[in-house]
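Enquirer: got a sequence here, can you model it:
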Amino acid sequence: MKKPLLIFVMALNLSLAISASAHAFDIGKIIEKTKQSTAASSASTDSGLLKISDSKYIFSRETSPESKWVMLNVVKDGNKEQILLPVVNSRVSLTIYLRNGAGVYEIQVAESASAEKYGSGYFVKPSVKIENIDKRNMSFLLPSELVQSDNAEIIALAKTITAGAVDEMDMIKKIHTYVAQTIKYDYDSYYDGSYATKAFDAITTLKKLTGVCAGYSDLYAALARAVGIRTKVIYGIGYMSKTESGDHAWNEVFINNNWMSVDVTWDSTTGRMFKYFNIPEEVFDQDHQKQTEQAI
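Expert: Alright, predicted model coming up:
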């Protein structure tokens, strides 16, 4: 029965939780309009930028009393990561991971009094400029909103799963086996369409022990990064046959100085544990078409 293998990546969930690109124009246009008024103050503080040595910055700020949401754009060299935070007791606080290497970052801030998370009523607040002096290559190693590899439960589980592993390939194989055998595909939400409004980040997937392909991939990446293995979340098209295809998510893992594609979802749902693990890329690409890789 091939129909259940049509694994969709919840288009709405991804657009909201990952890029929020449909809503980025709000703050983008506002920032552009206020650029001239903020340029002078930004330039005057460049020589005294706060220096960050470990690629993470603790952002904490009081908000206006009426604010319900805060939107952050973390910008460096044309790369932008957008984060939306609920306001609690007129304050927001979180760790921002500087995932684009060493250099100067601007954290653009906007607040909204609307109860709607993705409403258009965001107003610009003072931005923050910092300098990351961490020269290590931290790409695809840092935690994110969906790949919470800094979570204590994720870290403890990853260490337990990989205990006794002889090398990184063995570690990633043990993680692959754990996720494939432990997480069950959420066929109910797939068939009724509710997957589009559900969360499938790593922690949620682990707690519920169910998910769609994005959940499998986020959890896989979180466990791998928690033990120091560079891992990507990939979005693209999965081809189940010549006539069946759909949006899909999988992983790439950096092992022995090479990126290796892994599809833990299909290995889980087909029961063929390592069909999509450590196989030649030309074979993997026969039914996988990569479209984007997330910097998350």
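
Enquirer: contacts only, for I229.
Expert: Contacts were defined as C-beta atoms under 8 Å, 6 or more residues apart in numbering; by that measure I229 touches E168, M171, I172, V253, F254, I255. Using the backbone N, CA and C atoms, a C-beta is placed for each residue, glycine as well.

Enquirer: which of these sit farthest apart?
Expert: Farthest apart among the contacts of I229 by C-beta to C-beta are M171 and F254. That separation is 12.2 Å.

Enquirer: which one of the two has more residues nearby?
Expert: Of the pair M171 and F254, M171 is the one with more neighbours under other C-beta atoms under 10 Å, namely 23 against 18.

Enquirer: so where's the stretch 151-296 of the chain uncertain?
Expert: Low-confidence regions of the stretch 151-296 of the chain, defined by pLDDT under 70, span residues 295-296.

Enquirer: wait, isn't A222 in contact with E153?
Expert: No - look at A222 against E153 with C-beta atoms under 8 Å: they stay out of range, at 10.1 Å.

Enquirer: I234 and M260, how far apart?
Expert: In this structure, I234 and M260 are separated by 12 Å, where distance is defined by C-beta to C-beta, to the nearest Å.

Enquirer: so E131 makes contact with G48?
Expert: No - with contacts defined as C-beta under 8 Å, E131 does not count as touching G48, sitting 10.0 Å away.

Enquirer: who's more crowded, those two?
Expert: Neighbour count, other C-beta under 10 Å: between E131 and G48, E131 has more, with 16 against 9.

Enquirer: now the more buried one: which helix or strand?
Expert: With elements taken from DSSP states H and E, the one containing E131 is strand 122-132.

Enquirer: may I see the buried residues of that strand?
Expert: Within strand 122-132, the residues that qualify as buried are Y122, V124, K125, S127, V128, K129, I130, E131, N132, counting by 16 or more other C-beta atoms under 10 Å.

Enquirer: list the helices and strands it packs on?
Expert: For strand 122-132, the contact count by 3 or more C-beta pairs under 8 Å, 6 or more residues apart in numbering; DSSP states H and E identifies helix 24-45, strand 50-52, strand 103-112 as packing neighbours.

Enquirer: quick one: contacts for E106?
Expert: Residues S42, N73, V74, V75, K76, S127, V128, K129 are the ones in contact with E106 under the rule C-beta under 8 Å, 6+ apart.

Enquirer: columns distance to T243 and pLDDT on top of these, output as TSV?
Expert: TSV is the format used below for the contacts of E106 (distance: C-beta to C-beta, whole Å; pLDDT from 0 to 100):
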residue	distance to T243	pLDDT
S42	55	37
N73	42	96
V74	42	96
V75	43	96
K76	43	96
S127	50	96
V128	51	96
K129	52	97
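
Enquirer: thanks a lot, see you next time.
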